[in-house]
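> The sequence and its predicted three-dimensional model are supplied below.
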Amino acid sequence: MEVYLDNAATTAVLPEIAAAMADIMIRRYGNPSGVYKQSREAAEIVLEARTQVADLLGAAPQEIYFTGGGSEGDNMLLRGAAHCYRHKGKHIITTQIEHHAVLNTCKALEKEGFEVTYLPVSAGGRIDPAAVEQAIRKDTVLISVMYANNETGVLQPVREVGDIARAKGILFHTDAVQAAGHVPIDVEADHIDLLTLTAHKFHGPKGCGAVYIRRGTVMEPLVYGGPQERGWRAGTENVPGIYGLGRAAAHARQVMATVAERVQGLRDLLIRRVLTEIPGTELNGSRTGRLPNNANFLIRGVSGEEMLLLLDFADIAASVGSACASGSLDPSHVLLAMGRSPEEAAGSLRLTLSEFTTETEINYTVDKLKEVVERLRAAERDGDPRGTVR
């Protein structure tokens, strides 16, 4: 049995979406910027997708702009807003647990003279909205708080932060890459000005994302060139990818409630079995207020990397944290910010489900995980290198 439980990293494209994308690439390949029939057909595909993404967020179609993915979107919005509003101030507020697309962009902006406040989080992985308000200065021009953490799945108090930002007249950005398509998002109710998402986190294609920019917000482009995306993101549009993003957004909106309920039930089964059947385990992050598909465990006395390798031998795909940090020997910055020690962070395991995950797969995974942990702990206890992966 092959089990894929790394859906926070990427998801399988829905077969019907992949088939339709192939048809577009082969038969409807016109450039949307042209005036002939094939171009008009392509432009209509882009417009429909723009509407589908807008509907997912409670936005207007003219507030949606297509990008190459989540990291590009974060760069576009943070750098574009910071540069455009630097005449008002050079202070940015974010958190210590953001995705590296946000953290590294903020570090780059610091080299340009901006000052960034990185807010801490609780042991449960959530920021305190009061801390955001206390960090605001007269020269604060941007607040960026992710909607849900990519490692732990913990949902952040986005609406409370949005209320604070709106009352202070400060732009509010949220990286919703993990949340979009999985939990309801309403940019109006949440007072969000800028938002990032990407298709491959909810069964769309890789290499295509979108950003939401509230009407009236001034923004400096990240990519200069032609007039595509109303001048904010130049380059010939990725029509098949945009179509896939739109279809995935429409699908997610249609099935979100029923899928979330079923997946959360499987996630809770997974958490319950791991915590009760494997000694020395804890859940990383709050038990409530988290994405329905995410379970991140601290498993004491084992190496996360060795767990992954042995699970892979059992045909189970998992991760120890962010896919963008895979291959890094550094402990998770998210778990460290939550108060875990480097040794504890090194023993983390992230298992993330999708609408295709079955109860049989969950039970198989827990059974195999028990064997893996017992083997690794026995090898550590006995000093037997044959029990570990070399």
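Structure's in. What do you need?

> Show the residue spans covered by the strands in the chain.
Assigned by DSSP state E, the chain shows strands spanning 3-4, 64-67, 91-95, 115-119, 140-144, 171-175, 194-198, 209-213, 281-283, 294-299, 316-317, 348-352.

> now the angle from the fourth one to strand 140-144?
Strand 115-119 runs at 40 degrees relative to strand 140-144, counting by axes from the mean of the first three to the mean of the last three Cα atoms, to 10 degrees.

> now for strand 115-119, which elements pack on it?
When contacts are defined as 3 or more Cβ pairs under 8 Å, 6 or more residues apart in numbering; DSSP states H and E, strand 115-119 packs onto strand 91-95, helix 100-111, helix 129-135. Any C-beta I mention is one placed from the backbone N, CA and C, and that applies to glycine too.

> let's see 10 Å
strand 91-95, helix 100-111, helix 129-135, strand 140-144 (3 or more Cβ pairs under 10 Å, 6 or more residues apart in numbering; DSSP states H and E).

> pretty sure residue 152 contacts residue 291?
Yes: counting by Cβ atoms under 10 Å, residue 152 touches residue 291, with 8.9 Å between them.

> what do the two both touch?
8, 178, 285 (Cβ atoms under 10 Å, 6 or more residues apart in numbering).

> Let me have these in CSV, extended by distance to residue 222.
Putting these into CSV (distance: Cβ to Cβ, whole Å) gives the following:
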residue, distance to residue 222
8, 25
178, 22
285, 32
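
> what would those look like in CSV with pLDDT?
Formatted as CSV, the shared contacts of residue 152 and residue 291 follow (pLDDT from 0 to 100):
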residue, pLDDT
8, 97
178, 98
285, 96
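
> Quickly name whichever of the residues you listed is closest to residue 262.
Each of the shared contacts of residue 152 and residue 291 was scored against residue 262 by Cβ to Cβ, and residue 8 proved nearest at 17.6 Å.

> which ones are touching that closest one?
148-153, 177-178, 182, 201, 291, 293-294, 296, 319, 321-323, 350-354.

> Show me just the buried residues among the residues you listed.
Neighbour-count burial (16 or more other Cβ atoms under 10 Å) is assigned, among the contacts of residue 8, to 148-153, 177-178, 182, 201, 291, 293-294, 296, 319, 321-322, 350-354.

> now, which of those lie within helices?
Judged by DSSP state H, the subset of the buried ones among the contacts of residue 8 located in helices is empty.

> now the helix ranked longest in the chain against strand 348-352, angle please.
Looking across the chain with DSSP H, the single longest helix is helix 239-277. Calculated by the same axes, to 10 degrees, helix 239-277 forms an angle of 120 degrees with strand 348-352.

> Around the residue nearest to residue 196 when sequence neighbours are not counted, how many other residues sit close by?
Spatial nearest neighbour of residue 196, chain neighbours left out: residue 73 (3.8 Å); criterion: Cβ to Cβ, 6 or more residues apart in numbering. The local packing of residue 73 (other Cβ atoms under 10 Å) involves 29 other residues.

> quick one: residue 73 and residue 67 touch, right?
Yes: the criterion here is Cβ under 10 Å, and residue 73 meets it with residue 67 at 4.6 Å.

> Overlap of the contact sets of these two?
Between them, residue 73 and residue 67 share the contacting residues 196-198, 209-211, 222, 233, judged by Cβ under 10 Å, 6+ apart.

> Minimum pLDDT in these, which residue is that?
Of all the shared contacts of residue 73 and residue 67, residue 222 carries the smallest pLDDT score, 86.

> That residue and residue 75 touch, don't they?
Yes: with contact defined as Cβ under 10 Å, residue 222 and residue 75 form a contacting pair (6.0 Å).

> what do the two both touch?
Contacts common to residue 222 and residue 75, judged by Cβ under 10 Å, 6+ apart, are residue 67.

> Out of the shared contacts of residue 152 and residue 291, which comes closest to residue 40?
For the shared contacts of residue 152 and residue 291, the closest approach to residue 40 (Cβ to Cβ) belongs to residue 178, at 35.7 Å.

> Next up, the contacts around the closest one.
By Cβ under 10 Å, 6+ apart, the neighbours of residue 178 are 8, 70, 99, 146-153, 155, 197-198, 201-202, 291, 293-294, 352.

> Ok, residue 32 next?
Applying Cβ under 10 Å, 6+ apart, the residues near residue 32 are 38-47, 228, 236-237, 239, 242.

> before we move on, what about residue 83?
Residue 83 touches 109, 112, 114, 219-222, counting by Cβ under 10 Å, 6+ apart.

> How about residue 260: what's its closest non-neighbour residue?
residue 292 (4.4 Å).

> Would you reformat the strands of the chain as a markdown table and include distance to residue 268?
Below are the strands of the chain laid out as a markdown table (distance: least, Cβ to Cβ, whole Å):
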| stretch | distance to residue 268 |
| --- | --- |
| strand 3-4 | 18 |
| strand 64-67 | 34 |
| strand 91-95 | 27 |
| strand 115-119 | 30 |
| strand 140-144 | 31 |
| strand 171-175 | 26 |
| strand 194-198 | 26 |
| strand 209-213 | 30 |
| strand 281-283 | 11 |
| strand 294-299 | 9 |
| strand 316-317 | 19 |
| strand 348-352 | 12 |
